[in-house]
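> Let me see the structure of the following:
(chains A, B, C and D)
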Protein chains: 2
Amino acid sequence: MNTPLKHSRQRDAIVSFLMGTTEHPTADTIYINIKKTFPNISLGTVYRNLALLAERGEILKLSCDGKADRFDATTDPHYHFICSECGDVIDLEMESIDQINTIANANFSGEITNHVAFFCGKCENCLNNQKKEIN
Amino acid sequence: MNTPLKHSRQRDAIVSFLMGTTEHPTADTIYINIKKTFPNISLGTVYRNLALLAERGEILKLSCDGKADRFDATTDPHYHFICSECGDVIDLEMESIDQINTIANANFSGEITNHVAFFCGKCENCLNNQKKEIN
DNA sequence: TTTGATGCAAATGTTTTGCATGCAA
DNA sequence: TTGCATGCAAAACATTTGCATCAAA
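As a prediction, this is how the structure comes out:
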């Protein structure tokens, strides 16, 4: 369904770096890491490939507030938690909440086909640090 | 609970402009409109006041993808629809979906306190235009 | 009079883009 | 050899910030 792409070693490196991490890195973090293998790679190439891959559904792009976008190689539907303290992004394992589309569509005159959602609060680490500070 | 603010006519104008529209304007749109009354107002002042008001919960700031933030004077909890065609942002009237916090928290080791969500699809206008094109 | 708010402009951070060159097919 | 992908640098965009001045209390 997608036009075949010309192979590129830089793009391969980006994909395999993303697959090897659960950290949801930003474009810049990816850039810095790929540089270890391709010292000449440019940030523009990283951005171009990330946009291309996201467009094709091979990776996910996570946008949140004004901060830099983050990327995720796990493309099967899942939700993210963003820690309000440290900013870490964590994959959530949870049952489907797709019914919210139906709920939202109930009194709406257009057509709702999907939603974007993420959850906020404190991650385990920050909760523990908080407890230490109190004691 | 909030430290009292020194009164400012520019801030008043921003608030009343926001209260008089359902369009969810961007900072720049607000700036252009306030300029009709305060030709010397600066974009920095608009941004500063929008941030201040959002922080105090007097307005809502809507961030979505890489696009410019939009602002909403309606602060009671509600969700937004964003048209994938024309980009319009529309307030949704729908029943609460707060239970998704509980669902998300079920297998999570941190603490989820809230979520950010918006719905996507086609608005009524774009649906109608689509039909016209087909005929 | 004091201090927060403003206007202006420069700086920031992120992302995109034009263009000549390089590499995959 | 053809054309997409790259590297580089400049530009685009949204937003923030430093600073001198202004105006609200």
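
> List the contacts of A:Cys83.
The contact partners of A:Cys83, by CB atoms under 8 Å, 6 or more residues apart in numbering or on different chains, come to A:89-90, A:120-123, A:125-126, B:110. In short, each C-beta sits where N, CA and C put it, glycine included.

> Save those as JSON lines, and put in secondary structure, pLDDT and distance to A:Asp98 too.
What follows is those, written out as JSON lines (DSSP: H, G, I helix; E, B strand; the rest coil; pLDDT from 0 to 100; distance: CB to CB, whole Å):
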{"residue": "A:Val89", "secondary structure": "strand", "pLDDT": "96", "distance to A:Asp98": "21"}
{"residue": "A:Ile90", "secondary structure": "strand", "pLDDT": "96", "distance to A:Asp98": "21"}
{"residue": "A:Cys120", "secondary structure": "strand", "pLDDT": "96", "distance to A:Asp98": "20"}
{"residue": "A:Gly121", "secondary structure": "strand", "pLDDT": "96", "distance to A:Asp98": "22"}
{"residue": "A:Lys122", "secondary structure": "strand", "pLDDT": "95", "distance to A:Asp98": "27"}
{"residue": "A:Cys123", "secondary structure": "coil", "pLDDT": "96", "distance to A:Asp98": "25"}
{"residue": "A:Asn125", "secondary structure": "helix", "pLDDT": "93", "distance to A:Asp98": "30"}
{"residue": "A:Cys126", "secondary structure": "helix", "pLDDT": "94", "distance to A:Asp98": "30"}
{"residue": "B:Gly110", "secondary structure": "coil", "pLDDT": "97", "distance to A:Asp98": "23"}
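
> Count the neighbours of A:Ile112 for me.
The tally of other residues near A:Ile112 (other CB atoms under 10 Å in any protein chain shown) stands at 21.

> Ok, A:Cys126 next?
If you count neighbours by other CB under 10 Å, A:Cys126 ends up with 18.

> okay, now the closest residue in space to it that isn't next to it in sequence: neighbour count?
Nearest residue to A:Cys126, sequence neighbours excluded (CB to CB, 6 or more residues apart in numbering or on different chains): A:Glu85, at 3.9 Å. A:Glu85: 14 surrounding residues under other CB under 10 Å.

> can you check A:Asn129 too?
By other CB under 10 Å, neighbour count at A:Asn129 equals 13.

> How much space separates it from DNA strand D?
25 Å (CB to the nearest atom of the strand, to the nearest Å).

> Can you pull the phi/psi pair for the closest residue to that residue other than its chain neighbours?
Counting by CB to CB, 6+ apart, A:Asn129 lies nearest to A:Glu85, which is 8.0 Å off, once chain neighbours are set aside. Main-chain dihedrals, A:Glu85, degrees, to the nearest 10: phi -80, psi -60.

> what sits against A:Glu85?
Contacts for A:Glu85 were tallied using CB under 8 Å, 6+ apart; they are A:122-123, A:126, A:129.

> mind listing the helices for chain A?
With DSSP state H as the criterion, chain A has helices at A:9-19, A:27-34, A:43-55, A:99-105, A:124-134.

> ok, back up a step: what is the nearest of the contacts of A:Glu85 to chain B?
A:Cys123 (4.2 Å; CB to the nearest CB).

> Where do the domain boundaries of chain A fall?
Domain assignment for chain A by automatic domain parsing gives A:1-75, A:77-135.

> Of the ones you listed, give the one that comes closest to B:Thr102.
B:Thr102 lies closest to domain A:77-135 among the domains of chain A, at 9.9 Å (CB to CB).

> What residues does chain A have near chain B?
Taking CB under 8 Å from any CB of the partner chain as the contact definition, chain A meets chain B at A:63-66, A:69, A:79, A:81, A:83, A:90, A:92-95, A:97, A:100-101, A:103-104, A:106-124, A:126-127.

> Which among those count as buried?
Buried by 16 or more other CB atoms under 10 Å in any protein chain shown: A:63-64, A:69, A:79, A:81, A:83, A:90, A:92, A:94, A:97, A:100, A:103-104, A:108, A:110-112, A:115-123, A:126, out of the residues of chain A next to chain B.
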